[in-house]
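Engineer: coords please:
(4 chains)
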2 protein chains.
Amino acid sequence: MSQRLPGKIRGSRATMNDVAALAGVSLKTVSRVINGETTVNADLASRVHAAAEQLRYRPNFGASALRRNDRRSSTIAVLLQDLSNPLSATMLRAIEEVAAQRGVSVLGGSLDESPEREHELTTSMSRHGVDGVIIAPASHEHHYLAVEQQSGIPYVFVDRPPQNLLADQVLSDSRSGSADAVRHLIKHGHRRIGFLGDSSSLFVAHERHQGYVHALTTAGISVDTTIEARDLRTIDRAREAVGAMLGSAAPPTAFFATQNLLTIGAVHAIRDAHAQHRVALIGFEDFLLADLLDPAVSVVAYDVGAMASLAARLLFERIDGQRPAPRHFVIPTTLIARGSGEIPPPPATRAPARAKTTAAARRPSPTARPKTSRDG
Amino acid sequence: MSQRLPGKIRGSRATMNDVAALAGVSLKTVSRVINGETTVNADLASRVHAAAEQLRYRPNFGASALRRNDRRSSTIAVLLQDLSNPLSATMLRAIEEVAAQRGVSVLGGSLDESPEREHELTTSMSRHGVDGVIIAPASHEHHYLAVEQQSGIPYVFVDRPPQNLLADQVLSDSRSGSADAVRHLIKHGHRRIGFLGDSSSLFVAHERHQGYVHALTTAGISVDTTIEARDLRTIDRAREAVGAMLGSAAPPTAFFATQNLLTIGAVHAIRDAHAQHRVALIGFEDFLLADLLDPAVSVVAYDVGAMASLAARLLFERIDGQRPAPRHFVIPTTLIARGSGEIPPPPATRAPARAKTTAAARRPSPTARPKTSRDG
DNA sequence: CTGAAAGCGCTTACAG
DNA sequence: CTGAAAGCGCTTACAG
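Structural biologist: Reported below is the predicted structural model:
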């Protein structure tokens, strides 16, 4: 079964030198053959191939990268929030796809909203000699990465922007998407719209709140902070917050949840109160099975895979040696009306009838819009 | 902002030699300090630290591994079905957790049911010099990996067994879990139970079918292949298959879906037929929001994270030099009754009343059971 | 077309 | 406690 290989024992690996010795050629000739150079005599080449095959020779990427002029390790790092959550998982997969086409492997890491872990992992990736990094950061201060950039490791920010650092970034259109969602609820008659927000120190959470505030004030509705819950991070925290608001004296007639898990928490709480056909809900980010719930959940969606693919392509442009000024792309959002966002408020609280408006504003095209580069 | 560092230009990185020169010590002394050896004079050590700091020195893992006797790269590979799917994503995250505790980074890859891709990625990982591999294989023949094992790279199989290879494996209890699910439906009066199966060449799919057949025949119900759909791979294929069966002359009164996506496809099809409160359904593997559907979906669940963590621990034991005989662990399943699996068949087809039985058989403990090792 | 020598950034194995 | 020399597996830069 496991045939004994000449001169090789368990745990050892054949090197180019071993292959050269067996084939009776020089080390350099083996190197040429293994690297597919065509200037090698056919007879020598076939002897090298035979020897490599016999010894189960595997080139050592690390040793090769160490000496090569380009120094490429053929690995990139992808540092995201949590690789087990659908958003991160979708991004990782899309990036892997782009990388695989170039024979590049992906080192993945979860940051878990920890700036400390972000520091550890970026440092670790630098030691591993990755060719570049795609990151959805946990920290709010990225100037420390300028050193890495200067040492030749490009960084691309995805889903969350860099702060105090010039770097490529690809984000969803948080502010506009949020405003669309809230306007949609207003159009259906709501004036008392609860807000469910992520850690407010996050730039993206801030933007989504701004969109909410903008849509309200534009419609002449004053902001009521008693129906805003911020710094929510989990399904359970969102569920509690919504439960509390629904039990209050003047409960919201609708909710806007700024993120996946918060939307799911809201679904739970609204069900707990048996109010799923009375209280409206719109979430930011689509999720699997949103269409199978009762009522199906309306969302403001964006193409997460496209966002991550674009980030990967930007990164590889830099790895290939291009040095454009830092770029800023925005992935558009689309409102998907499925039912939960179209529930009207109870008659008592309903706003005066308004002229019919057309469907919620949508981006003209589903492709990313470039923006002028900016710093965070 | 980006202060000019002495002698360093954009794109270059400081080496140990640079640090030694700046600190006025030998290369070897820098090596000692960086590696935390305590036998260095405090004054020299602080000079080295200062120089390393000033030059933003980052040790080069690859170069260090090349020369070290243990040859550890501090990376492992995790090759799963599809990193964007919840099952794979949960496993990757659990493995990352164990690896991070040891300062090991994780190279992730999706196999997409392609044996060819499995060959490419295992080869690539070998060239990257990973310290070990955790794999949920796509192919059905793993003898080719014996060479990798012999060259010192341990392999641990997770969720799917190796075939024609001796290696550690951690699997869910497919046969017993499936039999539990089908028995549960039989207990609720069903005799006509549709089967939704994965690619039948997969060992795991075969086992789940065996469990189905065993439960039926034990209950004296003959197997009817006209209500078995196999080789299903996607939500849509499962949806079509269930739709076709529901439209047939003698439709099943219940379905057993052997996997996540197939269960979701079945939910869709049963909804399409407005039969969700008449047709029963049990799935293998739990999924997010199964409890929020109407009816909530009953499943045979197992602890995917625990399965992957265990696989990681087995791998690191081997990386640490232990050489036990190949081990085989089985993760137990638990039946979670949520509603869809407890719907009785329509009276016409109902089986004669039976003596009440206790709740579905459950494993005595939620921990993994070791089994004697075996080959595939 | 082929190969001998040097060296990538580090650790090993010694000598002082 | 400190350091000079050799070498990990490979590519580079030359010479023939």
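Engineer: tell me the buried residues in stretch A:161-170?
Structural biologist: A:161-162, A:165-170 (16 or more other CB atoms under 10 Å in any protein chain shown). Every C-beta, even on glycine, is put in place using the N, C-alpha and C of the backbone.
Engineer: stretch A:270-286 now?
Structural biologist: Neighbour-count burial for stretch A:270-286 [16+ other CB under 10 Å]: A:270, A:275-276, A:279-286.
Engineer: could you find the closest non-adjacent residue to residue A:206?
Structural biologist: Taking CB to CB, 6 or more residues apart in numbering or on different chains, and ignoring the residues beside it in sequence, residue A:206 has residue A:200 as its nearest neighbour in space, at 6.5 Å.
Engineer: contacts only, for the one you found.
Structural biologist: Neighbouring residues of residue A:200 by CB atoms under 8 Å, 6 or more residues apart in numbering or on different chains: A:206, A:209, A:230-231.
Engineer: how many residues are close by the closest residue to DNA strand D within the stretch 151-300 of chain A?
Structural biologist: Closest approach between the stretch 151-300 of chain A and DNA strand D, counting by CB to the nearest atom of the strand: residue A:152, at 16.2 Å. If you count neighbours by other CB atoms under 10 Å in any protein chain shown, residue A:152 ends up with 15.
Engineer: that older thread, which among the buried residues of stretch A:161-170 gets closest to residue A:102?
Structural biologist: Nearest to residue A:102 among the buried residues of stretch A:161-170: residue A:168, at 17.6 Å, using CB to CB.
Engineer: in the one helix or strand residue A:243 maps to, which residues are buried?
Structural biologist: In this structure, residue A:243 sits in helix A:235-246 according to DSSP states H and E. Residues A:235, A:237-243, A:245-246 are the ones in helix A:235-246 that count as buried (16+ other CB under 10 Å).
Engineer: would residue A:97 count as being in a helix?
Structural biologist: Yes: residue state for residue A:97 (DSSP: H, G, I helix; E, B strand; the rest coil) corresponds to a helix.
Engineer: for it, give me its contacts.
Structural biologist: Residues near residue A:97 by CB under 8 Å, 6+ apart: A:309, A:312.
Engineer: can you give me the neighbour number for the one residue in the stretch 1-150 of chain A that gets nearest to DNA strand C?
Structural biologist: Closest to DNA strand C within the stretch 1-150 of chain A is residue A:41: 2.8 Å, counting by CB to the nearest atom of the strand. Neighbour count of residue A:41, defined by other CB under 10 Å: 10.
Engineer: and for the one 3 residues further on?
Structural biologist: Residue A:44 has 17 neighbouring residues, counting by other CB under 10 Å.
Engineer: and it, how far from residue A:57?
Structural biologist: 16 Å (CB to CB, to the nearest Å).
Engineer: residues of the stretch 1-150 of chain A that sit close to DNA strand C?
Structural biologist: A:25-29, A:32, A:39-41, A:44, A:63, A:66-67 (CB under 7 Å from any atom of the strand).
Engineer: filter the residues you listed to the buried ones?
Structural biologist: A:25, A:29, A:32, A:40, A:44, A:63.
Engineer: all helices for chain A, in order.
Structural biologist: A:16-23, A:27-34, A:42-54, A:61-67, A:86-101, A:115-127, A:146-150, A:174-187, A:203-218, A:235-246, A:260-272, A:304-319 (DSSP state H).
Engineer: adding distance to residue B:140, write those out as JSON lines.
Structural biologist: Shown next, in JSON lines, are those (distance: least, CB to CB, whole Å):
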{"stretch": "helix A:16-23", "distance to residue B:140": "31"}
{"stretch": "helix A:27-34", "distance to residue B:140": "30"}
{"stretch": "helix A:42-54", "distance to residue B:140": "24"}
{"stretch": "helix A:61-67", "distance to residue B:140": "28"}
{"stretch": "helix A:86-101", "distance to residue B:140": "22"}
{"stretch": "helix A:115-127", "distance to residue B:140": "35"}
{"stretch": "helix A:146-150", "distance to residue B:140": "43"}
{"stretch": "helix A:174-187", "distance to residue B:140": "45"}
{"stretch": "helix A:203-218", "distance to residue B:140": "45"}
{"stretch": "helix A:235-246", "distance to residue B:140": "39"}
{"stretch": "helix A:260-272", "distance to residue B:140": "37"}
{"stretch": "helix A:304-319", "distance to residue B:140": "30"}
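Engineer: quick one: closest of those to residue B:214.
Structural biologist: Proximity to residue B:214 (CB to CB) singles out helix A:86-101 among the helices of chain A, at 34.6 Å.
Engineer: could you tell me the angle between that closest one and helix B:86-101?
Structural biologist: Here helix A:86-101 runs at an angle of 80 degrees relative to helix B:86-101 (axes from the mean of the first three to the mean of the last three CA atoms, to 10 degrees).
Engineer: how many neighbours does residue A:35 have?
Structural biologist: Neighbours around residue A:35, by other CB under 10 Å: 9.
Engineer: would you confirm that residue A:59 contacts residue A:36?
Structural biologist: No: if you go by CB atoms under 8 Å, residue A:59 and residue A:36 don't touch, sitting 11.3 Å apart.
Engineer: okay, those two: which has more neighbours?
Structural biologist: Each of residue A:59 and residue A:36 has its neighbours counted (other CB under 10 Å); residue A:59 has more, 17 against 7.
Engineer: for the residue nearest in space to the middle of chain A, which non-adjacent residue is closest in space?
Structural biologist: Compute the mean C-alpha point of chain A, and by CA atoms, centre = their mean the closest residue is residue A:91, 4.5 Å away. Closest residue in space to residue A:91, ignoring its immediate chain neighbours: residue A:308 at 3.8 Å, by CB to CB, 6+ apart.
Engineer: low pLDDT regions in chain A?
Structural biologist: A:1-11, A:348-376 (pLDDT under 70).
Engineer: and it, what are its domains?
Structural biologist: When chain A is parsed into structural domains using automatic domain parsing, the resulting residue ranges are A:16-59, A:75-167, A:174-305+A:331-371.
Engineer: okay, how far is it across the second one, tip to tip?
Structural biologist: Pointing back at domain A:75-167 there. Domain A:75-167 has its terminal residues 20 Å apart, counting by CA to CA, to the nearest Å.
Engineer: what's the answer for stretch A:192-203, then?
Structural biologist: First-to-last residue span, stretch A:192-203, CA to CA: 25 Å.
Engineer: quick one: buried residues of it?
Structural biologist: Counting neighbours by 16+ other CB under 10 Å, stretch A:192-203 gives A:192-198, A:202-203 as buried.
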